[in-house]
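Chemist: What follows is a predicted protein model with its sequence.
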Amino acid sequence: MQRYRSAAALIKARRPEKPVLALRPHAAGRAARWFRQNFDGDIAYAYKANSSVFLIGALYGAGIRHFDVASLPEIEDAATIPDAELHFMHPVKARGAIRRAYELGVRSFSLDGEDELEKILQETDGARDLKLFVRVAVPAINSLIPLEHKFGIAGEPATKLLIETRQAAAKFGLTFHVGSQTTTPDAFVMALKAVRDLIVQAGVVIDVLDVGGGFPSRYANSEPAPMEDFMAAINTGVEALPARENIRLMCEPGRSLVSEAESLIVHVDARRGQNLFINDGAYGTLFDAAHLGFVFPARLVSPHVEADAPLGAFELWGPTCDSIDHMPGPFLLPDCISEGDYIEIGGVGAYGRALAGHFNGYGTYEEAILMDEPQLSMYAADGSGSHDAVRHLRT
Ligand SMILES: *Cc1c(COP(=O)(O)O)cnc(C)c1O
């Protein structure tokens, strides 16, 4: 794969006709090293966020050996990673997927009901070497994508399930997910309180606590609390758990390990007023910008960039014939932008390429590696993210 110093160098050399997925593996490596230094437990990368081998390789190089997987194809893929420990954390699994996962060496499974516990025990022929996690329902606070409606158990039924699962498991744990892009640590505080109450009520001993994912990234319209605050809240909550010294911690970050590690470079096919028609969109890498209100950092990459160019607010329209292929933003770009220019849209590493389809014949990309810094970072040297999102590039 070709490497470039920046999006400007790439465009100068290639004038790409297709949208470009521009990877920054170094940014994924930096995020993984940050977690390794600041989280006192196993870090399982949530595979669904982005399965590019370049990013998986960077995470692996930074010492990531655990992977959170949710389907059989993900498991078959991740099972080829040397020394990887896979955790099948989807609370509702097909019987065949459980059986095949066990054959492939997976021992770690999550569940949120007695029916699923029974399925797991039947399909593994009553295995005695299982690591079973009960998924607890927790309130989603300040998260952009709530995940608590679909999975998780609470109250009296949870107490019963904890006791039954404890009896069946070689290693027994609890797991939760506070919701994706959770911008303040209070969600973890509340979740760990709920976990503590449940453990006390059920009177069980847990071996593992998986605090899930949900750790935030920076976007043009989302400035989360510093990552240190999340780790501090988790530490405080975990210290209050009964028999803390016997509990091994795990987390499952997806977004926060890879979002900074990929940009999308698009071509402006038309400008109509403050509307820019570009060659990727809602059915491609920009689903979250169209449907979930994400405003990714955008910068102009063009020969006519002026350092002090006045900015305008733009909406983006994707290439398909569908009018919901629309990213309202607003995206702040130099007012001089015109047809023929390119835009680097940063921060699409998580749930970008992973969600892209082929509607209308689009959805094929060129790929390259960039060596410069991402537009926005949670992990910059000064801890605050030192990169300027509106620094436009001259080709
Ligand atoms: C999606 C998912 C994750 C990753 O979530 P992020 O918000 O990307 O960190 C972790 N665990 C489970 C069970 C998930 O479904």
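Modeler: Structure's in. What do you need? Keep in mind that what you see is a predicted model, and the values were worked out from it rather than measured. Residues are numbered from 1 along each chain as shown.

Chemist: from here on, contacts and neighbour counts on C-alpha atoms
Modeler: Noted.

Chemist: so what's the residue nearest the centre of the chain up against?
Modeler: Closest residue to the average C-alpha location of the chain: R255 at 2.2 Å, with CA atoms, centre = their mean. Under the criterion of CA atoms under 8 Å, 6 or more residues apart in numbering, the contact partners of R255 comprise 49, 180-181, 213-217, 349-351.

Chemist: Check the offset of the top helix by length along the chain from the chain's centre.
Modeler: When secondary structure is assigned using DSSP state H, the longest helix within the chain turns out to be helix 186-202. Between the mean C-alpha location of helix 186-202 and the chain-wide mean there is a distance of 24 Å, by CA atoms, centre = their mean, to the nearest Å.

Chemist: what packs against it?
Modeler: For helix 186-202, the helices and strands in contact under the criterion 3 or more CA pairs under 8 Å, 6 or more residues apart in numbering; DSSP states H and E are helix 155-168, helix 227-239.

Chemist: how about a markdown table for those helices, with mean neighbour count, mean pLDDT and distance to the ligand added?
Modeler: A markdown table is the format used below for these (neighbours: other CA atoms under 10 Å; pLDDT from 0 to 100; distance: least, CA to the nearest ligand atom, whole Å):
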| stretch | mean neighbour count | mean pLDDT | distance to the ligand |
| --- | --- | --- | --- |
| helix 155-168 | 17 | 96 | 18 |
| helix 227-239 | 17 | 97 | 13 |
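
Chemist: Once you drop chain neighbours, what's closest to D229?
Modeler: Closest residue to D229 in three dimensions, ignoring its sequence neighbours and counting by CA to CA, 6 or more residues apart in numbering: P185, at 6.5 Å.

Chemist: and the one you found, what pLDDT?
Modeler: The confidence metric pLDDT takes the value 96 at P185.

Chemist: was I right about it contacting P224?
Modeler: No - using CA atoms under 8 Å, P185 and P224 do not qualify as a contacting pair, with a distance of 9.3 Å.

Chemist: between those two, which one's more packed in?
Modeler: P185 (24 against 18; other CA atoms under 10 Å).

Chemist: show me what contacts that one?
Modeler: The neighbours of P185, taking CA under 8 Å, 6+ apart as the test, are 225, 229-230, 233.

Chemist: And it, its phi and psi?
Modeler: In terms of degrees, to the nearest 10, the main-chain angles of P185 are phi -70, psi -10.

Chemist: State the distance from it to F215.
Modeler: 9 Å (CA to CA, to the nearest Å).

Chemist: and if you look at F176?
Modeler: When distances are taken as CA to CA, F176 and F215 turn out to be 13 Å apart.

Chemist: Write out the residues of this structure neighbouring the ligand.
Modeler: Within the chain, the positions near the ligand by CA under 6 Å from any ligand atom are 46, 49, 89, 180-181, 212-215, 252-255.

Chemist: Turn those residues into a markdown table, including distance to A356 and pLDDT.
Modeler: Rendered in a markdown table, the data for the residues of the chain next to the ligand read as follows (distance: CA to CA, whole Å; pLDDT from 0 to 100):
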| residue | distance to A356 | pLDDT |
| --- | --- | --- |
| A46 | 18 | 98 |
| A49 | 12 | 98 |
| M89 | 23 | 97 |
| S180 | 19 | 93 |
| Q181 | 20 | 95 |
| G212 | 25 | 97 |
| G213 | 22 | 97 |
| G214 | 21 | 96 |
| F215 | 23 | 97 |
| E252 | 23 | 98 |
| P253 | 21 | 98 |
| G254 | 17 | 98 |
| R255 | 16 | 98 |
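
Chemist: Buried subset of those, written for PyMOL?
Modeler: To isolate the buried ones among these in PyMOL, judged by 16 or more other CA atoms under 10 Å, type:
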select buried, resi 46+49+89+180+181+212+213+214+215+252+253+254+255
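
Chemist: Let's see which of the residues of the chain next to the ligand end up in strands.
Modeler: 46, 180-181 (DSSP state E).

Chemist: So which of these is the closest to the ligand?
Modeler: For the ligand, the closest of those turns out to be S180, at 3.5 Å, with distances computed as CA to the nearest ligand atom.

Chemist: residues contacting the closest residue to that closest one other than its chain neighbours?
Modeler: Closest residue to S180 apart from its sequence neighbours, by CA to CA, 6+ apart: G214 at 4.1 Å. When the contact criterion is CA under 8 Å, 6+ apart, the partners of G214 are 143, 177-182, 253-256.

Chemist: State the number of residues packed around A191.
Modeler: Around A191 sit 23 other residues, with neighbours defined as other CA under 10 Å.

Chemist: what's the distance between it and Y351?
Modeler: On the measure of CA to CA, A191 and Y351 end up 24 Å apart.

Chemist: Same check on A22?
Modeler: Looking at A22 against Y351, where the rule is CA to CA, the gap reads 14 Å.

Chemist: quick one, which of the two is more surrounded?
Modeler: A22 (28 against 21).
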